[in-house]
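Participant: the following comprises the amino acid sequence and a computationally predicted model.
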Amino acid sequence: MLCIWGGMVTKMVQSFLEITRKSTADGTCLGLKGWLDTANSPKLQTEVEDIMASPEKGDIILEISELLFISSAGLRILLMIENKCRADGRRQIIRGATQATKELFSLTGFAKILTIE
């Protein structure tokens, strides 16, 4: 796939999202690696819905230190998770955000909504 970016034609890398799931004392930790975009957001949504349907209560912790890209669809899924957690008496906790990701959250107003550690 080719993409025009800044007047240059570049080769796009196919997006991927790898999710690892681990139970912790605080809840369930999902490690995200890759791209959180339109193609991959449903994968995270399915994983979170599975956690929410389980009888175990606890926070949903997203470890995003290996997340390479977040699109507007990725931001939308984070907002959806936040709303579902609040409605269910849980918290969504974002851990391992890079400086660039923290700036993205700040610029979009998500830093005021999400719990970022």
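Facilitator: In hand now; what should we look at?

Participant: and the next helix or strand past whichever strand or helix holds Leu32?
Facilitator: Secondary structure here is read from DSSP states H and E; on that basis Leu32 sits in strand 27-36. Following strand 27-36 in sequence order, the next helix or strand is helix 41-53 (DSSP H and E).

Participant: buried residues, that next one. List them.
Facilitator: Neighbour-count burial for helix 41-53 flags Ser41, Lys43, Leu44, Glu47, Val48, Ile51, Met52 (criterion: 16 or more other CB atoms under 10 Å). All C-beta spots, glycine's among them, are computed from the backbone N, C-alpha and C.

Participant: ok so, going back, can you name every helix or strand that the strand holding Leu32 contacts?
Facilitator: Helices and strands in packing contact with strand 27-36 are listed as strand 17-23, helix 41-53, strand 59-70, helix 72-87; criterion 3 or more CB pairs under 8 Å, 6 or more residues apart in numbering; DSSP states H and E.

Participant: what lines up beside it in the sheet?
Facilitator: Sheet partners assigned to strand 27-36 using DSSP bridges are listed as strand 17-23 (antiparallel), strand 59-70 (parallel).

Participant: output the below-cut-off pLDDT ranges for the protein.
Facilitator: Under the criterion of pLDDT under 70, the regions of the chain flagged as low confidence span 1-14.
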